[in-house]
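K.L.:
A structural model of the following input is requested.
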Amino acid sequence: MYEELYEPIPQTKPYLKRLGLTAVPAADKENLDRLIYAHQLHVPFEDLDVCEFKRTASLSISSLYEKIVLKKRGGYCYELNALFASLLTACGYEVTPCMARIIRDCDDEFIPPISHRINLVRIDGQQHFCDVGYGGPMPAASMPLVDGLEECIKGQTFRLDQTDAFWWKLSYCSKDTFSTVMSFSPVPCEPVDFVALNAFASTHEHSVFPRLRMVNLRTPGGSVSLMGDIFTCSENGEKTVRQITEEEFLPVLEQYFHLHIS
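P.N.:
Numbers count the residues shown, from 1 in each chain. This is a model prediction of the structure:
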């Protein structure tokens, strides 16, 4: 019943071409970081199937390949990190799916439910945090799981802290202050473990995805995002925010996110 979650990607080279890359890279940290950054630049985070078309996101690798590689769409965490894990596996990396809680913008006393997927990638015996499926501040490279590690990546500073035996947290520095983005557990999961979480994210009334369209894409100088009808462009430290009309929706998707929705 769930075999399609474990199948290999149909082809590696078209996926790499989608990311603006050509040859299959060697499985080392330098190339992992190249793949992560290229993915964030070329494949947007977006929930349009769920929000606009009321479709439950499919997690089968062949469906994700068709959507993201052939149709040049994006997706949300369960889609993007699942297909990216398949690409990394095809390139020779050892990948472990893991669960996470999104802590950003949450009250200190509130414990949000597990609602996010990340990947851990083992290189030379060291696990590395890797995420191409979050629609907000996220490292543009892998980060080794070292307690207290701070790294500035593409002008953004992140920190990893181990909070207990089972959980780590990722924090982002803005205006000289660190705030927690997410907490995650390195306990290995299986692709099938995300089926129920994905169904909730796609359909439940308490999930944000069916209620709010979200599109986000990293750019070489910053990022562009669409939250509902609010379009934000952050470029080289300058931010512009404006409200768009429904008539502008499709043109904005095409111009800024390279999405062609029919």
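K.L.:
how much space is there between Ile118 and Ala201?
P.N.:
Distance, Ile118 to Ala201, by CB to CB, to the nearest Å: 15 Å. (Each C-beta comes from the backbone N, C-alpha and C, glycine too.)
K.L.:
for Ala85, same thing?
P.N.:
Ala85 is 18 Å from Ala201, by CB to CB.
K.L.:
and Asp28, what is it in contact with?
P.N.:
Each residue near Asp28 by CB atoms under 8 Å, 6 or more residues apart in numbering is listed here: Ile123.
K.L.:
need the strands for the stretch 101-250 of the chain, in chain order.
P.N.:
116-123, 126-130, 143-144, 149-153, 156-162, 168-174, 177-184, 214-219, 222-227, 230-235, 238-243 (DSSP state E, counting those that start in this stretch).
K.L.:
Contact partners for Glu151?
P.N.:
139, 141, 143, 157-159.
K.L.:
Save those residues as TSV, and put in distance to Arg242 too.
P.N.:
What follows is the contacts of Glu151, written out as TSV (distance: CB to CB, whole Å):
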residue	distance to Arg242
Pro139	28
Ala141	31
Met143	34
Thr157	28
Phe158	29
Arg159	32
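K.L.:
of those residues, closest to Cys173?
P.N.:
Thr157 (4.0 Å; CB to CB).
K.L.:
Is it correct that that closest one is in contact with Glu150?
P.N.:
Yes - between Thr157 and Glu150 there is a contact at 6.4 Å, judged by CB atoms under 8 Å.
K.L.:
Let's have the strands of the stretch 101-250 of the chain in JSON lines, adding distance to Asn31 and mean pLDDT.
P.N.:
Formatted as JSON lines, these follow (distance: least, CB to CB, whole Å; pLDDT from 0 to 100):
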{"stretch": "strand 116-123", "distance to Asn31": "10", "mean pLDDT": "98"}
{"stretch": "strand 126-130", "distance to Asn31": "12", "mean pLDDT": "98"}
{"stretch": "strand 143-144", "distance to Asn31": "15", "mean pLDDT": "98"}
{"stretch": "strand 149-153", "distance to Asn31": "16", "mean pLDDT": "97"}
{"stretch": "strand 156-162", "distance to Asn31": "20", "mean pLDDT": "97"}
{"stretch": "strand 168-174", "distance to Asn31": "22", "mean pLDDT": "96"}
{"stretch": "strand 177-184", "distance to Asn31": "23", "mean pLDDT": "95"}
{"stretch": "strand 214-219", "distance to Asn31": "18", "mean pLDDT": "98"}
{"stretch": "strand 222-227", "distance to Asn31": "23", "mean pLDDT": "97"}
{"stretch": "strand 230-235", "distance to Asn31": "27", "mean pLDDT": "96"}
{"stretch": "strand 238-243", "distance to Asn31": "32", "mean pLDDT": "96"}
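K.L.:
Tell me how many other residues surround the residue lying closest to Thr163 once chain neighbours are set aside.
P.N.:
Leaving aside its sequence neighbours, Thr163 sits nearest to Lys169 (CB to CB, 6 or more residues apart in numbering; 5.6 Å). Residues contacting Lys169 under the criterion other CB atoms under 10 Å number 18.
K.L.:
Report the separation between Lys169 and Met138.
P.N.:
Counting by CB to CB, the gap from Lys169 to Met138 is 14 Å.
K.L.:
same deal with Tyr2?
P.N.:
Counting by CB to CB, the gap from Tyr2 to Met138 is 28 Å.
K.L.:
Enumerate every residue touching Ala100.
P.N.:
Ala100 neighbours (CB under 8 Å, 6+ apart): 114-118, 182-185.
K.L.:
Can you check those and name whichever has the most neighbours?
P.N.:
Arg117 (28 neighbours).
K.L.:
Tell me where this structure has helices.
P.N.:
13-18, 29-42, 48-51, 61-64, 77-90, 195-203, 246-257 (DSSP state H).
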